[in-house]
Structures are given as structure tokens and as C-alpha cells.
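# for reference, the sequence and a predicted model appear below.
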Amino acid sequence: MINESGVASVRHISRVVAATVIAFLLIVFTFAANAFAGIAGEYNVVINDNGYEYTITTDETEPIEILNKANITLGPRDLLSIADFRAGSGGTIVIDRLNTINVSLNDLIKTFEVYADTVEEAFAETGIDTDGCRINYDGSAPVENGMVITVQTPKTVTINADGKVIRISAINATVSQILSVAGIELGENDYTEPSADATVSDETVIDVYRVAFRTKTETEKIPYETIKKDDSDIERGTVRIETQGKDGEKSVTYSVKYINGLAVEQKELSSTVVKEPVTEIKRVGTKNAETVPNGVDSYNGFYVGQVINGKYTHYCACAVCNGNSRGITTSGKKIYNGMDNPYYIACNWLPLGSVVEIGGIDYTVVDRGGSGLSKTGRIDIFTPEGHSACYKKGTGVCTITIVRLGW
């Protein structure tokens, strides 16, 4: 027998449980629906900020709001591209930053403003051709505001070596490095201009100097010396050779320095006398020659035996002193520097050929001179030792005795 009241109770409880389960499921479904609805409103956006990319999740649809939410600020001249962006679905927002870069081109610094993301793109944007150049950044390096990019262009260098001309392009190299590239080696004494440690610049010309040392032996003359001895038994103006001079010989060894095949310097290493020179001995007369009278006792107010107070200077056979370099006096007598002293004077107040005695020496008047020599007592003494001897002997006063008037 079934107790219906108990059955009714069971049915009541089942309905209550069922209602509770349904209510719970409704709550779960409602929460899930709301949750899925929230997730469905967000999406991913890629931001490319001057070459740097990262992804953010957002529910914003305006690009500026998306950037603000990502704490990204645009500069006043930065560029924003949304060509690949789709609001609510994703894509890429591209930011091109305006950066300032400094380009040091062969030490000349220029400043540029670029939107490029990489160094390579920056050069393309500025129009700088870097082909063959040395750059301190890789082309893929990102552009950073204020960065300094160093560009060194190739330099053309000309080498003159061993009779050849070689041209090489190089960057920031020394002369030594350039020679190494060209396969040119320097010997121990070789050198270059500019020096080996100098840094080349554009159009530098490197000259290589090959230096060699060689020895040579030559036979050379030893000039003989001349000794003059005064001889009072010989008349003045007369020279007698007592011993004839002869040159000697010596064997000399030299060290000769050659630069690029040309002898430029030599130094004596040793010397050996092969034949001794013979010294020449000359006897120089100091005896006054007897003046042959010509029968003229007086001339133009002057007379033989007259004593005059005079003043002397000296001259030689050069063009400055003599007025010409021919060595011809007014009387026709020949004079030249280096000759034995003929004891000649020039004056304008005595006839040519006159003989005067000065300091125990007889002088013959053979030449004329300027107006200064017209004054009585003024004479110019010929000096065969040359121009410097004239200055050395100088001027002075003297006593002049007339020995003969004219030839």
C-alpha cells in the first residue's frame, strides 16, 4: 500500500530542486554571456613607433585615444599613418618621428631632420651617397634623435715609386699603410715624403726615395804649394823659378750616397798618398831697377827729384776698380789679379811712364782714373791680390819722390 501523502511530499521537493537548478543555470548563462560580450569588445593593435613595434590590446577605436592609452606622445611634427589600421578589428598604427641627426662628412659636420627609421634610410632621405665610404653605424641601425653619424669618403692617393705611378683609394690611412696595400716595401735607409706615419688626405702624392750607399776609389791630384822668397839681387817685377812645382797624386776612397739612382753626397773614407807633390819655390825680386833717364828734367811744373806729400788708395784689375774686366790700362800695359806685382800706379797729374819712389819702391805711372786723381800727390796703387786686398790695405798718406818724367 502506497502512502500518497509521502509521494506528494517527494514530488514537491523535486519541483523545488528543479526550480533551484534552473535558476542557477540562468545565473551562469547570464554571467557567461556578459563576460563573452566584454571580451568580444577588445582587439589587438600593432604600434610601429619609428621602427620599434609592439602590440597592445584595446577597446578604443580612435588612433589618438589608442596612443594615449599606450602613453605614447606625438611631437608637433611627427607623422601618423593609419592606412593599415581598422577600428575595432586591428591592424598597424605607424608613427614616423622627426629626428635630428648630425652627419660628420670628412670632419665637416652637417645637421639634418629626417623621418627615417634606420641609418640607411636616413642617407637615402638626405641624398648622401655613402657608396665605398666608412660609416660608424650599420645601415640597419635605428635612427636616434641627436645621434652623430661619421662618414669617411675614400681618398685618392698617388704613389711615385721605382719609376712607376700608382693610384690607390683609401680611408683614414697612413702613408705606411698605403704603401703596404700597394705592395711597396721600404729598405733600411729608404724614406718617403710625406713621412711614413703621416695620414693621407685627398690627392696626397707620396714620393718614395730609395737610398743606397756604395764605395768608390779615385786617383786625385794633390796641388803643389808655392813659396815666394824675396831676393834683393833680382830687380822688382822679376820672378825666377828656383824649383818647379809638381802635383802629387793620392788614392781616395769615398762612400757615395745615391737617392733614386742619383749621387747626391759623398764622404771620404780613406786616403793614401801615391806620389808626394813638389813645392814650387819662386824668387821674387826686391831690387829697384835702375831707372834710365830720358833727358826730361821738368814737365808741367814738376821736376825730377821733387818731393811731394801724397795720399794713396788701392785698386785691382776687376771691372769695379778698373772700369772694365779686360785688364788693359791707359798706357796699354796688361794687368790681372793674381799676377806678380808690377808696381804700377794710376794718377792724372804726371805723364804716363813717369817713375816715382814711395817707401823705397819705384812705381811706374801706367794708368789714369777719375777726377780725384788729378790733384797733385793723389795716386792709386795697383794691387794684384784682388778686390778684398784693396779694402784691407786701405788708404793713407805717403811721400812721393819723382824719379823720372814720362817714358
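Looks like it arrived, so ask away.
# how many other residues sit next to Phe302?
Close neighbours of Phe302, defined as other CB atoms under 10 Å, add up to 16. Any C-beta I mention is one placed from the backbone N, CA and C, and that applies to glycine too.
# bridging residues for it?
Tyr299 (DSSP bridges).
# hmm, it is touching Gly406, no?
No: in this structure, Phe302 is not within contact of Gly406 by CB atoms under 8 Å, at 10.5 Å.
# pull up the overlap in contacts between those two.
When CB atoms under 8 Å, 6 or more residues apart in numbering defines a contact, no residue borders Phe302 and Gly406 alike.
# can you map out the strands along the stretch 51-200 of the chain?
Taking DSSP state E, counting those that start in this stretch as the criterion, the stretch 51-200 of the chain carries its strands at 52-58, 79-86, 90-96, 99-105, 108-114, 134-135, 148-152, 155-161, 164-170, 191-193.
# could you export these as JSON lines, including mean neighbour count and distance to Glu280?
Rendered in JSON lines, the data for the strands of the stretch 51-200 of the chain read as follows (neighbours: other CB atoms under 10 Å; distance: least, CB to CB, whole Å):
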{"stretch": "strand 52-58", "mean neighbour count": "12", "distance to Glu280": "103"}
{"stretch": "strand 79-86", "mean neighbour count": "13", "distance to Glu280": "105"}
{"stretch": "strand 90-96", "mean neighbour count": "18", "distance to Glu280": "102"}
{"stretch": "strand 99-105", "mean neighbour count": "17", "distance to Glu280": "78"}
{"stretch": "strand 108-114", "mean neighbour count": "13", "distance to Glu280": "75"}
{"stretch": "strand 134-135", "mean neighbour count": "14", "distance to Glu280": "76"}
{"stretch": "strand 148-152", "mean neighbour count": "17", "distance to Glu280": "74"}
{"stretch": "strand 155-161", "mean neighbour count": "18", "distance to Glu280": "53"}
{"stretch": "strand 164-170", "mean neighbour count": "13", "distance to Glu280": "56"}
{"stretch": "strand 191-193", "mean neighbour count": "16", "distance to Glu280": "48"}
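# would you list the ones you listed in a markdown table and tack on mean pLDDT and distance to Phe123?
Shown next, in a markdown table, are those (pLDDT from 0 to 100; distance: least, CB to CB, whole Å):
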| stretch | mean pLDDT | distance to Phe123 |
| --- | --- | --- |
| strand 52-58 | 93 | 20 |
| strand 79-86 | 95 | 19 |
| strand 90-96 | 95 | 16 |
| strand 99-105 | 92 | 8 |
| strand 108-114 | 92 | 9 |
| strand 134-135 | 88 | 8 |
| strand 148-152 | 91 | 8 |
| strand 155-161 | 93 | 20 |
| strand 164-170 | 91 | 20 |
| strand 191-193 | 97 | 36 |
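# now do the residue nearest to Gly146 when sequence neighbours are not counted against Pro142, distance only.
Nearest residue to Gly146, sequence neighbours excluded (CB to CB, 6 or more residues apart in numbering): Thr100, at 6.0 Å. Look at Thr100 and Pro142: by CB to CB, to the nearest Å, they are 14 Å apart.
# so what sits opposite Ser167 in the bridge?
For the record, residue 167 is Arg, not Ser. Beta bridges link Arg167 to Thr158, judged by DSSP bridges.
# residues touching it, list them.
156-159.
# which secondary element of this protein has the worst mean pLDDT?
Lowest by mean pLDDT, DSSP states H and E among the helices and strands of the chain is helix 4-39, with a mean of 37.
# next SSE after it?
strand 43-49 (DSSP states H and E).
# and that following strand, what does it pack onto?
On a contact count with 3 or more CB pairs under 8 Å, 6 or more residues apart in numbering; DSSP states H and E, strand 43-49 meets strand 52-58, helix 63-69, strand 90-96.
# switch the ones you listed over to JSON lines; also include distance to Pro293.
Shown next, in JSON lines, are the helices and strands packed on strand 43-49 (distance: least, CB to CB, whole Å):
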{"stretch": "strand 52-58", "distance to Pro293": "128"}
{"stretch": "helix 63-69", "distance to Pro293": "136"}
{"stretch": "strand 90-96", "distance to Pro293": "125"}
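# and His387, which of those is closest to it?
Nearest to His387, of all those, is strand 90-96, at 89.2 Å by CB to CB.
# quick one, that closest one and strand 52-58 angle?
140 degrees (axes from the mean of the first three to the mean of the last three CA atoms, to 10 degrees).
# so what strands line up beside strand 90-96?
Partners of strand 90-96, by DSSP bridges, with direction: strand 43-49 (parallel), strand 79-86 (antiparallel).
# any stretches of the chain with poor pLDDT?
The chain contains residues with pLDDT under 70 at 1-40.
# name the surrounding residues that touch the longest strand along the chain.
In the chain, taking DSSP state E as the definition, the longest strand is strand 262-275. Contact with strand 262-275 is made by 215-216, 219, 222, 248-258, as judged by CB under 8 Å, 6+ apart.
# and the residues you listed, which are buried?
Buried residues within those, counting neighbours by 16 or more other CB atoms under 10 Å: 222, 250, 254, 257.
# and of the residues you listed, the nearest to Ile402?
Once CB to CB is applied, the member of these that ends up nearest Ile402 is Ile222, at 48.7 Å.
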